Structure formats: structure tokens, C-alpha cells
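Participant: what follows is a predicted structure for the sequence shown.
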Amino acid sequence: MAVEVAPQSAAPSLRRVRFALAMRSLRENWSLFLGTRIGVIGLAIILFYLVLALSHPILMNTVWDERIYDPVVGYAFDETRQPAPPSRSHLLGTDPLGRDILSQLMHSARSEFLLGLLAAVVTVTIGTTVGAIAAYYGGVVDTILMRFADLMVMMPGISILIVLSALIGVEHFELALIIGILSGFGGASILLKSQALSVVVKPYIEAARAAGGGPAHIIFIHIVPNLLPLSFLYMMFTVTGAIFSEAILSFLGLLDVRMSWGLMIHTTEAAGYLLQVGKYWWLIFPASLSITLLCSSFYLVGRAMDEVINPRLRRL
């Protein structure tokens with residue numbers, strides 16, 4: 001009796017089909033995203049500051065003199081009065097310590113991106129995992145995790161960050177972890193758990209249980225991937241919160257960082273120029289406008305992604 005053997009090309013063909021479907025879905029979602037004006041504006045602002053962040057080390061190694069343009073220890077020897085207004089050699093002027101503001105702005109952009117993205121990744125990783133576990137197990141596990149999440153939501157986040165920054169030396173990396181943990185065990189887990197509840201009742205979850213799939217397999221192979229679109233959306237809003245929190249703590253002088261946009265404003269305030277906006281505008285507007293624009297850009301991208309992901313808001 002002859003036994004038919006399935007062709008070996010069946011598996012690669014299935015992978016190609018899945019890849020083609022994923023690419024088609026990506027193109028459709030990208031087209032929908034480009035159709036949202038706020039999303040395009042937000043993405044353009046993000047790309048602008050990303051170019052600034054990537055250009056700074058190139059300029060420092062090729063064009064700028066480190067003695068003059070170093071964002072921390074540089075000094076504008078060609079200027080007799082500090083802070084100096086914008087000029088050909090210093091396009092955004094210098095700060096009260098004689099340091100080039102454009103160099104500080106570009107250097108700080110890299111730190112802001114790393115801080116925001118790391119905080120967002122930690123938040124989404126914790127929130128997605130906790131939400132999926134709470135939705136899958138339910139009962140006592142769900143109650144314990146959600147009551148802990150409620151406790152984290154009720155705690156004043158900025159006040160906690162201020163106390164921790166005053167007690168221990170907090171840099172960008174530690175700040176990102178603290179923000180990620182507070183947000184991940186708080187609002188993110190509650191939001192993602194509500195979405196996971198609609199996934200655990202799907203027929204394929206019961207089929208996976210019947211096929212012998214364990215809890216870890218079902219949670220991380222079947223539930224978590226279905227939460228990723230919403231998780232990625234939540235990342236955009238977390239970046240905004242992380243950048244804003246860092247700016248507040250830096251302005252208060254509570255972060256152990258070499259340079260940031262908030263620290264630029266703190267230096268202006270410490271030198272007594274904060275209320276002289278009309279005369280020394282270049283000390284205030286570049287940093288404050290950058291904080292506002294970058295925070296707003298991630299929020300706009302998040303709102304646009306909501307219109308793409310949310311079926312009730314999707315434009316067909």
C-alpha cells in the first residue's frame with residue numbers, strides 16, 4: 001500500500017503566504033496612517049529630532065571644535081559677552097556659561113529618545129505580561145494583580161519620582177526603569193487586561209487547551225501577540241509621559257545627568273534669566289519648544305495609530 005508523503009515545500013509555502021498576508025496588512029495600515037494628518041505631522045516632528053540626535057556626534061567629529069561646541073564643557077571663546085545672542089558661529093546663541101545651545105539641543109535629543117523608548121518598552125513588556133496573566137487565570141490571581149495595579153494608579157507618580165531622585169542618584173537609565181515599572185504595573189496592565197479578556201474567550205484558545213497547550217504557551221503564543229497592536233499604541237503615550245517627567249526633574253535639578261532640555265532651562269533659571277524671555281529668548285524657547293514638540297509628536301502619532309487599530313475609528 002503506497003503512502004503519500006506531503007511535499008517538503010508545503011511549510012515554506014505556508015510561511016510565504018503568512019509573510020505576504022502580513023505585508024499586505026502592513027501596507028494597508030500604513031496607507032490608513034498616512035491618511036491621518038495628525039499622524040503625518042507627528043511623524044515628521046519625530047524624524048526631525050531624530051536627525052538632530054544622529055547628526056550631533058557627526059558634527060562633533062568632523063566640523064565642530066570640541067573645546068567650543070562640547071555641550072557640557074565647551075566655551076565660546078569667540079564671544080566676549082555671555083550669554084551671547086545667535087550668530088553665524090552659534091546659530092542659537094550661547095547659554096550663561098558660554099556653551100553652544102544648538103549643540104546642547106542636539107545632544108539632549110538623543111538622551112530624550114533613549115529615555116522615552118526604554119521607558120515605553122519596559123512599560124509595555126510589564127503591562128502586556130501582567131494583563132495577559134490576569135485575564136487568563138482570573139480569580140485570585142486577577143484580583144491580586146488588579147488591586148496592585150489600582151494601588152499604583154492611585155500613587156502620585158511625579159511625587160514618587162521627585163522623592164526617589166532626591167534620595168538616590170537617578171540618571172536617564174534608572175529614570176526610564178522607574179517610569180516603566182510604575183506605568184507597567186499600573187494603568188498599562190489594567191488597559192491591556194481588558195483587551196486580553198476579549199482574547200481568552202476565542203475558540204482557538206479552547207482549541208489550544210484541548211491540544212495540550214500549557215498556560216505559558218497559551219499566554220505568550222496566543223494571547224500576547226494579539227495584544228501587541230494595543231501595546232504599541234500605548235508605547236507612544238508612555239514616551240510622552242517619560243520625556244515630560246524627565247524635563248520636570250531636570251528643571252528641579254534632581255537628576256544626575258550631564259545635559260538635557262530640562263537642565264538647559266534649569267541653568268537659565270539658576271542664572272536669573274528665566275523671567276527675561278523678551279531679551280534672552282534663545283535661552284528659553286529652543287529647549288521648551290523642543291520638549292513641547294517632541295511630547296506632542298508622540299501623542300499625535302498615538303492618536304493616529306488609534307484610528308488605524310480601533311475598528312470603530314478606522315476609515316474604510
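Facilitator: Arrived safely, thanks for sending. Residues are numbered from 1 along each chain as shown.

Participant: for the helix or strand harbouring residue 291, what is the average pLDDT?
Facilitator: Element membership for residue 291 (DSSP states H and E) is helix 285-309. For helix 285-309, mean pLDDT is 89.

Participant: tell me the centre residue of this protein?
Facilitator: residue 239 (2.7 Å; Cα atoms, centre = their mean).

Participant: for that residue, which three-state class applies?
Facilitator: At residue 239 the chain is in helix, as set by DSSP: H, G, I helix; E, B strand; the rest coil.

Participant: check contacts around it.
Facilitator: 116-117, 119-120, 298 (Cβ atoms under 8 Å, 6 or more residues apart in numbering). Every C-beta, even on glycine, is put in place using the N, C-alpha and C of the backbone.

Participant: which residues of the stretch 201-316 of the chain score low on pLDDT?
Facilitator: For the stretch 201-316 of the chain, the stretches with pLDDT under 70 are 310-316.

Participant: give me that answer again for 80
Facilitator: 307-316 (pLDDT under 80).

Participant: residue boundaries of the helices in the stretch 151-300 of the chain?
Facilitator: Ranges of helices in the stretch 151-300 of the chain, per DSSP state H, counting those that start in this stretch, are 157-167, 172-183, 189-200, 203-210, 215-217, 224-251, 261-270, 285-309.

Participant: now do the buried residues in stretch 207-221.
Facilitator: Of all the residues in stretch 207-221, those buried under the rule 16 or more other Cβ atoms under 10 Å are 208, 218-219.

Participant: sorry, back to before: skipping adjacent residues, who's closest to the residue nearest to the centre of the chain in space?
Facilitator: Counting by Cβ to Cβ, 6 or more residues apart in numbering, residue 239 lies nearest to residue 116, which is 3.6 Å off, once chain neighbours are set aside.

Participant: tell me what the helix or strand where the one you found lies is packed against?
Facilitator: Using DSSP H and E, residue 116 falls within helix 101-137. Counting contacts by 3 or more Cβ pairs under 8 Å, 6 or more residues apart in numbering; DSSP states H and E, helix 101-137 is packed against helix 37-62, helix 139-154, helix 172-183, helix 189-200, helix 224-251, helix 261-270, helix 285-309.
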